[in-house]
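> Give me a 3D structure for the following:
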Amino acid sequence: MESFYRTLAELEEKGEGAALCVIVHSQGSTPRNAGSKMLVYPDGGIAGSVGGGELESRVIREALEAMAVGKPRRIKYSMTDPQRGDPGVCGGQLEVYVEPVIPSPALVVIGGGHVGKAVVHLAKWLGFRVIVSDDRPEFCTPEAIPDADEYIPGAMANLPEKLPITPWTYLVLTTRNAAVDAEGLPVLLKTAASYVGVIGSRRRWLTTVKLMQEAGVGSEEIERVHSPIGLELHAETPEEIAVSIMAEIILLRGGGDGKQMAN
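Residues are numbered from 1 along each chain as shown. Model prediction:
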């Protein structure tokens, strides 16, 4: 049990997620008793057990769905008759509580210029864990950008080697040109990041797309990118652009529709 809770603490420290599955009620003959626990990871891997077999497979599916929507659920199972859909023949009944263990969202700002600095400041205020990365070391320091939690200087393409990029990671590219984007983006698009946004005009983005296509990047990966980044607010200053970017991320995280509240 101590090891189980240590694993939960380590997940939190690493900013990674899982789903906690607990048998909260059992009656009659069941594979495991009330209190049995299992962790389900985003890739479907597990730690612990709620009984094995078809029952466990079903709980894993429920756990993955719970992580996807970010809401807990309770599932009742009868272990009597597989022909009517039961996951076993033990003869008892049990109930499993599934709770997503969702880490604080991480926002990675790639490019420490004026807009990047403004995004870092706003994202930190909004409660994100904020990481800054730039291939120019002087733009990736606490002196240049004082509000970040972590600084990772180096090429964009090397970022996944230095930082876990999970479904709770948001990537914001406030970079200086299309060539930098086209070189680093292909690797990022293979990660599990929830959001990948790229700053710049439509013309710049079309240039980036052309360069990536020439390098063999597929259309499905390219379509993951939000560019031009942010909501249309007619923003001009770095601070206004940061509001536009973070508004889009909040909209997508919460499933909003972007309509005026008065409508």
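
> Give me the distance from stretch 104-122 to the chain's centre.
Stretch 104-122 sits 16 Å away from the centroid of its parent chain (Cα atoms, centre = their mean, to the nearest Å).

> and what of stretch 96-105?
In terms of Cα atoms, centre = their mean, the centre of stretch 96-105 is set 13 Å apart from its chain centre.

> residues of that stretch that come out buried?
In terms of neighbour count (16 or more other Cβ atoms under 10 Å), stretch 96-105 has its buried residues at 96, 98-101, 103, 105. In short, each C-beta sits where N, CA and C put it, glycine included.

> Kindly report the same for stretch 191-211.
For stretch 191-211, a neighbour-count test (16+ other Cβ under 10 Å) marks 191, 193-200, 204-205, 207-209, 211 as buried.

> Mind picking the two most distant members of those residues?
Within the buried residues of stretch 191-211, 194 and 207 form the most distant pair, 25.6 Å apart (Cβ to Cβ).

> Tell me if I am right that residue 230 is in a strand.
No: counting by DSSP: H, G, I helix; E, B strand; the rest coil, residue 230 is not part of a strand but coil.

> From residue 41, how far out is it?
Residue 230 sits 32 Å away from residue 41, going by Cβ to Cβ, to the nearest Å.

> okay, the two: which has more neighbours?
residue 230 (23 against 17; other Cβ atoms under 10 Å).

> That one reaches residue 200, doesn't it?
No: in this structure residue 230 lies outside contact range of residue 200 using Cβ atoms under 8 Å: 10.8 Å.

> Can you pull the poorly scored residue ranges out of the stretch 1-150 of the chain?
1-2, 79-91 (pLDDT under 70).

> Mark which of the buried residues of stretch 96-105 are part of strands, please.
Judged by DSSP state E, strands contain the following of the buried residues of stretch 96-105: 96, 98-101.
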